[in-house]
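J.: What follows is a predicted protein model with its sequence.
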Amino acid sequence: MVVIGGIGRIEGPLVGALVFWALNKFFSDYGTWYLLGLGLLAIVMTIHFKQGLWGYAKQRWGWTLFPTSRRLRT
């Protein structure tokens, strides 16, 4: 969930949990293909959206819901 939504802000894991829930709700009938899709999504998110979906939205549009944040030093 954190890989999908983003790390460092409260909104990231919340967005990740919503995306994970939606994917689980709509695609869980596909069995093991569903799990393969989740793994592929995690790989794509790690490669293309290093800061997660919420980090991308914050960077692109300046969105913020909660005024708290943490910085990850790499």
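T.: The structure has been received and is ready for your questions.

J.: list the helices and strands the strand or helix carrying Trp54 packs on?
T.: Per DSSP states H and E: Trp54 is located in helix 52-61. Applying 3 or more CB pairs under 8 Å, 6 or more residues apart in numbering; DSSP states H and E, one finds that helix 52-61 contacts helix 2-5, helix 11-27. For glycine as for every other residue, the C-beta is placed from the backbone atoms N, C-alpha and C.

J.: what's the most buried one of those?
T.: helix 2-5 (a mean of 20; mean count of other CB atoms under 10 Å).

J.: Mind giving me the packing neighbours of it?
T.: With contacts taken as 3+ CB pairs under 8 Å, 6+ apart, helix 2-5 sits against helix 11-27, helix 32-48, helix 52-61.

J.: Any buried residues in the second one, and which?
T.: Put plainly, it is helix 32-48. Across helix 32-48, burial judged by 16 or more other CB atoms under 10 Å covers Met45.

J.: Return it as CSV; C-alpha atoms alone will do.
T.: Output of helix 32-48 as CSV, limited to C-alpha atoms (Å, rounded to 0.1, in the frame of the first residue of the first chain):
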residue,chain,number,x,y,z
THR,A,32,-3.4,-16.0,-9.2
TRP,A,33,-3.5,-13.5,-12.1
TYR,A,34,-4.7,-10.9,-9.6
LEU,A,35,-1.6,-11.4,-7.5
LEU,A,36,0.6,-11.2,-10.5
GLY,A,37,-1.1,-8.0,-11.5
LEU,A,38,-0.5,-6.5,-8.0
GLY,A,39,3.2,-7.5,-8.2
LEU,A,40,3.4,-5.9,-11.7
LEU,A,41,1.7,-2.7,-10.4
ALA,A,42,4.2,-2.5,-7.5
ILE,A,43,7.1,-2.9,-9.9
VAL,A,44,5.8,-0.2,-12.2
MET,A,45,5.1,2.2,-9.3
THR,A,46,8.7,1.7,-8.0
ILE,A,47,10.2,2.4,-11.4
HIS,A,48,8.1,5.2,-12.8
